[in-house]
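Visitor: Sequence and computational prediction follow.
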Amino acid sequence: MSPSSSSSPYCYKKGSYTVDDLEETERRKRTLSSSSLSWTSSRSFSQGYRSSSSAPSSSPSFSSMSWTSSSSSYSHSSDSSGVHLALLEMAKKNFTSSYKKAILDDVYVQQEPLGKGGCGTVFGGYRRADSLPVAIKYIPKEKVTYTEVTVDGNLLRIPTEVLLQRIVAGASVGESAAVTLLDWVDLGQQVVLVLERPVPSMDLFDYIMERGGSLPEHEAKSIVEQLVDALIEFHQKGVVHRDIKLENIILQTGSQVPVVRVIDFGCSCAQTDEEYTDMAGTFDYFPPEFFGEGSYRAVPYSVWQLGVVMYTMLFGCFPFNPFDDITPQEPQMNNEQLSQCGQAFLKNCLVKDPVSRATLPDLLFHPWIHL
């Protein structure tokens, strides 16, 4: 079923529902305030699908690397072997103008633009030394959040996206579901990230469009299973992505079964057990608890986003219209497109009550995954 022919009144279009400027944010607030939802002006909202603050109220400590945002800290156990040293070396290099020039002129070759959005512009390219394909992402300085990091006694100010993506993906290409951050450069007016670029690949939106607007159940299940594994990996490393959506899921298509990779950690934050009140991500994927209570927790939010992705893969449209009160809405499912076991899995992801919503381990061991 293609988005244009779906019976649902709320079908997706690439990039059209991303909150990417303040005017659109205010318009959506007005739309929601006129409905039965409760929304106060004091609630923060992401601008340019980027968090307006660094991390939420807490931040983690990784081995000899500690980092803070605002005045509080959060302790998290993680294997940080090599991560803090790599960050230290990358940060030190950013204080030298010669390195900044070399990283763009001598180490990498920039080629055609790949895309442009609220977060900046992305170009294709490759690393001169070994022809490794890369993506070069330019982020305007006003859209960059920073975190102060103490590494082996050195106080550094590092872009939060850089810090969290390096923690999740490490330094070795292809070892994580997250694409690897290879380098970053602070040019004053903008920050440049150099990232691994899987080839051949395409984002999940384009992959679905090439197949007529929806995927068969067996193919969607393979992608969902890999996404569950990826989210578990991120959370175990103390990072919440917060913007899992079709455009941020890359499929490596060089094998018989596409391999899932995740990009864009611009909305990510440190995982805590506390509630978050700052909303970062894409409007269509916001969970009902944020609209109702103005807050959410890490795992239920991730599971909700996974459910929205799964639904759009199978049915070619979003399960809910977030401009209306989604509390009484129930997603329509077609028995011909999704088995009863698959429907049970999907419904567990889209439970309105976050306390009753499935956890990631629940999904990992669900019968549908193992059929």
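Guide: In hand now; what should we look at? Numbers count the residues shown, from 1 in each chain.
Visitor: CA only for contacts and neighbour counts going forward, please
Guide: Fine.
Visitor: Point out where the stretch 101-250 of the chain drops to low pLDDT.
Guide: Under the criterion pLDDT under 70, the flagged ranges of the stretch 101-250 of the chain are 101-103, 118, 151.
Visitor: For it, which segments count as helices?
Guide: All helices of the stretch 101-250 of the chain, identified by DSSP state H, counting those that start in this stretch, fall at 160-169, 204-210, 217-236.
Visitor: Between these, which one is closest to residue 264.
Guide: helix 160-169 (8.3 Å; Cα to Cα).
Visitor: quick check: angle from the closest one to helix 217-236?
Guide: Inter-element angle recorded for helix 160-169 and helix 217-236: 110 degrees (by axes from the mean of the first three to the mean of the last three Cα atoms, to 10 degrees).
Visitor: ok, residue 135 - how many residues close by?
Guide: Residue 135: 23 surrounding residues under other Cα atoms under 10 Å.
Visitor: Oh, that last question was meant for residue 228, not what I typed.
Guide: By the criterion of other Cα under 10 Å, residue 228 has 19 neighbours.
Visitor: Over to residue 201?
Guide: Neighbour tally, residue 201, other Cα under 10 Å: 17.
Visitor: That one pairs with what?
Guide: Taking DSSP bridges as the rule, residue 201 bridges to residue 252.
Visitor: Contacts only, for the residue lying closest to residue 183 once chain neighbours are set aside.
Guide: In space, and not counting its chain neighbours, residue 183 is closest to residue 194: 5.0 Å by Cα to Cα, 6 or more residues apart in numbering. By Cα atoms under 8 Å, 6 or more residues apart in numbering, the residues touching residue 194 are 134-137, 181-184.
Visitor: What of residue 182?
Guide: 171, 193-196.
Visitor: if you set the cut-off to 6 Å instead, what comes out?
Guide: Contacts of residue 182 were listed using Cα atoms under 6 Å, 6 or more residues apart in numbering, and they are 194-195.
Visitor: Kindly report the same for residue 140.
Guide: residue 190.
Visitor: swap the cut-off to 8 Å and go again
Guide: 119-120, 189-191.
Visitor: Highest mean neighbour count out of the helices of the stretch 101-250 of the chain?
Guide: Mean neighbours per residue, mean count of other Cα atoms under 10 Å, is largest over the helices of the stretch 101-250 of the chain for helix 160-169, with a mean of 23.
Visitor: For that helix, enumerate the helices and strands it packs against.
Guide: Contacts defined by 3 or more Cα pairs under 8 Å, 6 or more residues apart in numbering; DSSP states H and E place helix 160-169 against helix 83-93, strand 181-186, strand 269-270.
Visitor: partners of the shortest one in the sheet?
Guide: Each strand that strand 269-270 pairs with, and the sense of that pairing, follows from DSSP bridges: strand 239-240 (antiparallel).
Visitor: Contacts for the strand it pairs with next, please.
Guide: Residues contacting strand 239-240 (Cα under 8 Å, 6+ apart): 164, 168, 234, 268-271, 298, 302.
Visitor: confidence score at the spatially closest residue to residue 354 that is not a sequence neighbour?
Guide: Excluding its sequence neighbours, the residue lying closest to residue 354 (Cα to Cα, 6+ apart) is residue 300, at 5.6 Å. Predicted confidence (pLDDT) for residue 300: 97.
Visitor: which residues touch residue 300?
Guide: 354-355, 357-359.
Visitor: Only whichever of these are buried, select them in ChimeraX.
Guide: To isolate the buried ones among the contacts of residue 300 in ChimeraX, judged by 16 or more other Cα atoms under 10 Å, type:
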select :354,357,358,359
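Visitor: so which of the contacts of residue 300 comes closest to residue 332?
Guide: residue 357 (18.2 Å).
Visitor: how about the closest one, what does it touch?
Guide: For residue 357, the contact set (Cα under 8 Å, 6+ apart) comprises 300, 303, 348-351.
Visitor: so it is in which element?
Guide: Per DSSP states H and E: residue 357 is located in neither a helix nor a strand.
Visitor: Give me the residue at the spatial middle of this structure.
Guide: Residue closest to the average C-alpha location in the chain (Cα atoms, centre = their mean): residue 243, at 3.3 Å.
Visitor: so that residue makes contact with residue 281?
Guide: Yes - taking Cα atoms under 8 Å as the definition, residue 243 is a contact partner of residue 281 at 4.5 Å.
Visitor: what residues do these two have in common as contacts?
Guide: With Cα under 8 Å, 6+ apart as the test, residue 243 and residue 281 both reach residue 267.
Visitor: so what strands line up beside the strand ranked longest in the chain?
Guide: For the chain, the longest strand by residue count, based on DSSP state E, is strand 108-117. Strand pairing for strand 108-117, using DSSP bridges, gives strand 120-127 (antiparallel).
Visitor: Tell me how far the partner strand lies from the chain's centre.
Guide: Distance of strand 120-127 from its chain centroid, counting by Cα atoms, centre = their mean, to the nearest Å, is 19 Å.
Visitor: could you pull out the strands for the protein?
Guide: Using DSSP E, strands in the chain cover 61-62, 65-68, 108-117, 120-127, 133-140, 146-151, 154-159, 181-186, 190-196, 201-203, 239-240, 249-252, 259-262, 269-270.
Visitor: Let's have the ones you listed in TSV, adding distance to residue 316.
Guide: Output for the strands of the chain, formatted as TSV (distance: least, Cα to Cα, whole Å):
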stretch	distance to residue 316
strand 61-62	41
strand 65-68	41
strand 108-117	23
strand 120-127	27
strand 133-140	28
strand 146-151	37
strand 154-159	36
strand 181-186	32
strand 190-196	29
strand 201-203	15
strand 239-240	26
strand 249-252	16
strand 259-262	19
strand 269-270	30
